[in-house]
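Trainee: I'll drop the sequence and a predicted model, then ask my questions.
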Amino acid sequence: MAQHGLAFHLSVHSFTDRFQGQVRGNDFGLLYESWWPLERPLADRLDKRLKEHGYSVRRNFPYSGRDDGFCMRMRRERKERTYIGMEIELNQRLCRSPEGAKAMARALADALAPEFGA
């Protein structure tokens, strides 16, 4: 990626399965900017691969991919074809146990591997 001037920022966080009385039932959340040229196709591929592992996926949930954070700052500073910012959210309900955390990590690693030529 560096050879091509492309920066790929990946951030992984967890979210609580209940917030202000609302149940958040999805397993993964993919946060990205849908109009940013390289991010939507990446989200499409990750969504498909995580679902193949049996997980439910929602896009730009439980937060917006437009929130004013690191990714938005980088989008303002970089050209459209030189930056990919993706935040992946994991439901804490599934990663509370060591087994659940390992299963989610394995699925995420499998989903990301093709993006890095693995």
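Mentor: Arrived safely, thanks for sending. Predicted model only: the values in this text are computed from it and were never measured.
Trainee: Mind giving me the packing neighbours of the helix or strand hosting L42?
Mentor: L42 belongs to helix 39-52 when elements are defined using DSSP states H and E. Under the contact criterion of 3 or more CB pairs under 8 Å, 6 or more residues apart in numbering; DSSP states H and E, helix 39-52 touches strand 28-31, strand 57-59, strand 83-91, helix 98-112. Backbone N, C-alpha and C define where each C-beta goes, glycine included.
Trainee: Now do it, average pLDDT.
Mentor: Mean pLDDT, helix 39-52: 96.
Trainee: again, but for stretch 95-111
Mentor: Here the average pLDDT along stretch 95-111 is 95.
Trainee: ok, for the spatially most central residue of the chain, nearest residue in space, not its chain neighbours?
Mentor: Centroid check for the chain by CA atoms, centre = their mean gives I88 as the closest residue, at 2.6 Å. Sequence neighbours aside, V12 is the residue nearest to I88 in space, at 4.9 Å (criterion: CB to CB, 6 or more residues apart in numbering).
Trainee: what's the spacing between A105 and G85?
Mentor: In this view, A105 and G85 are 21 Å apart by CB to CB, to the nearest Å.
Trainee: S34 too?
Mentor: In terms of CB to CB, S34 sits 12 Å off from G85.
Trainee: the more surrounded of the two?
Mentor: G85 (25 against 11; other CB atoms under 10 Å).
Trainee: separation between the residue nearest to I88 and A113?
Mentor: Distance from V12 to A113, by CB to CB: 15 Å.
Trainee: Could you do T82 as well?
Mentor: 23 Å.
Trainee: Comparing those two, which residue is more hemmed in?
Mentor: Ranked by neighbour count (other CB under 10 Å), T82 and A113 place T82 first, with 14 against 11.
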